[in-house]
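[1] Pasting the sequence and the predicted coordinates here, then a few questions.
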Amino acid sequence: MLMSRWSGSVSWVVEPCGSWLQPRQKTRTAVRLLPLKLRFENLKPFLHKDSTFSKHGVNYLRSSLTLMRVIAGKYRSRRLKTPGSYAVRPTSDRLRETLFNILGPSVEDSLFVDLYAGTGAIGIEAISRGARDVFFIDRDPASISLVRQNLESLKISAGVEVITAEAERGLDKLAARHLIADFIFLDPPYNDDGCTHVLEYLDASHLVAPQGIVIAEHSSKLELPERLVRLERTRLLEQGDAALSFYRRAAAA
């Protein structure tokens, strides 16, 4: 593992060098310091294969290389491909696990919509846990390609549909087919006001089943409405800078 350290005005990289260990120091890791100005190519053997350097020489693991796996169910522990830039912000494994622990066995035999699908990790988790039909909707061709790659890598073809469209346009397509969703998960960019717009759309539509749940992932700093006309928030869960808002049809609606 490489680590960096600042010493005065000089930046150094710490390079593992186990072969230099003294026999009596086997319990400790010996290191040598290399000036950061050394050619990065010389350091490649010691870097994660998916590392990259910023223009300032800082070593990062690109978000595309964040390890993501299916958490439970039929495809448990299977690896998922992740995006090649910070333009897509996948739901963290921890938050995804929390979400599906809350939904529990009700996911089985459900119709699940993964809106702003990104990597498709949420919808694929639903498939792994027994969802009957899953719809992936995203406007970004790169995200749609990523969803398809992940489905193909898991050899999933039945009970799934991938739709390239803006969120509301994609929902229009489902509504035109008179589909009723048990779960609709939406995760727009945190700097986007898509949550409110989609919630208002769903509030006025007949896409949500009587006992259905709409789950919105959003920044914990974003205040979403407690109640719309027919939908009301029944639960708010915060985890770090992310939050999940759960909406159901109000009893009087």
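    Now that the structure is in, tell me what you want to look at.

[2] Strands of the chain, start to end?
    Listed in chain order, the strands of the chain (DSSP state E) span 3-7, 10-16, 31-35, 51-53, 59-61, 68-69, 79-80, 111-115, 133-138, 160-164, 181-186, 208-219, 231-239, 242-249.

[3] which of the ones you listed sits most buried?
    Highest mean neighbour count of these: strand 111-115, a mean of 27 (counted as mean count of other Cβ atoms under 10 Å). C-betas here are computed from N, CA, C, even on glycine.

[4] Name every strand pairing with that one and say which way it goes.
    Within its sheet, strand 111-115 is paired with strand 133-138 (parallel), strand 181-186 (parallel), according to DSSP bridges.

[5] Now do it and strand 160-164, the angle between them.
    Between the axis of strand 111-115 and that of strand 160-164 there is an angle of 30 degrees, by axes from the mean of the first three to the mean of the last three Cα atoms, to 10 degrees.

[6] Low-confidence regions, the stretch 1-150 of the chain specifically.
    Under the criterion of pLDDT under 70, the regions of the stretch 1-150 of the chain flagged as low confidence span 1-66, 84-89.

[7] Okay, and the beta partners of residue 186?
    Under the criterion DSSP bridges, residue 186 forms beta bridges with residue 115, residue 216.

[8] what about residue 168, distance to residue 196?
    Computed with Cβ to Cβ, to the nearest Å, the distance linking residue 168 and residue 196 is 12 Å.

[9] Ok, residue 237 next?
    Counting by Cβ to Cβ, the gap from residue 237 to residue 196 is 19 Å.

[10] same check, this time on residue 234
    On the measure of Cβ to Cβ, residue 234 and residue 196 end up 18 Å apart.

[11] go on, residue 174?
    When Cβ to Cβ is the yardstick, residue 174 and residue 196 sit 20 Å from each other.

[12] hang on, residue 119 packs against residue 143?
    Yes - in this structure residue 119 lies within contact range of residue 143 using Cβ atoms under 8 Å: 7.4 Å.

[13] Between the two, which has more neighbouring residues?
    Comparing residue 119 with residue 143 by other Cβ atoms under 10 Å, the one with more neighbours is residue 119, at 25 against 22.

[14] residues touching that one, list them.
    Under the criterion of Cβ atoms under 8 Å, 6 or more residues apart in numbering, the contact list for residue 119 reads 68, 80-83, 88, 90, 143, 146-147, 150.

[15] Compare the residues you listed and tell me which has the most neighbours.
    For these, neighbours were counted by other Cβ under 10 Å; the highest total belongs to residue 147, with 28 neighbours.

[16] ok, now which ones touch the closest residue in space to that residue that isn't next to it in sequence?
    Taking Cβ to Cβ, 6 or more residues apart in numbering as the measure, residue 147 lies nearest to residue 120, with 3.6 Å between them; neighbours along the chain are not counted. Taking Cβ under 8 Å, 6+ apart as the criterion, residue 120 is in contact with 80, 114, 136, 146-147, 150-151.

[17] swap the cut-off to 10 Å and go again
    For residue 120, the contacting residues are 80-81, 90, 114, 127, 134, 136, 138, 143-144, 146-151, 154, 156, 160, 162, by Cβ atoms under 10 Å, 6 or more residues apart in numbering.

[18] Please report the number of neighbouring residues for residue 178.
    Neighbouring residues of residue 178 were enumerated by other Cβ under 10 Å; the total is 8.

[19] what's the distance between the closest residue to residue 188 other than its chain neighbours and residue 176?
    In space, residue 188 comes closest to residue 194 once its chain neighbours are excluded; the distance is 3.2 Å by Cβ to Cβ, 6+ apart. Using Cβ to Cβ, one gets 21 Å for the distance from residue 194 to residue 176.

[20] Over to residue 149?
    Remark: distance between residue 149 and residue 176 (Cβ to Cβ) = 28 Å.

[21] So which of the two has more stuff around it?
    In terms of neighbours (other Cβ under 10 Å), residue 149 is the more surrounded of residue 149 and residue 176; the figures are 14 against 8.
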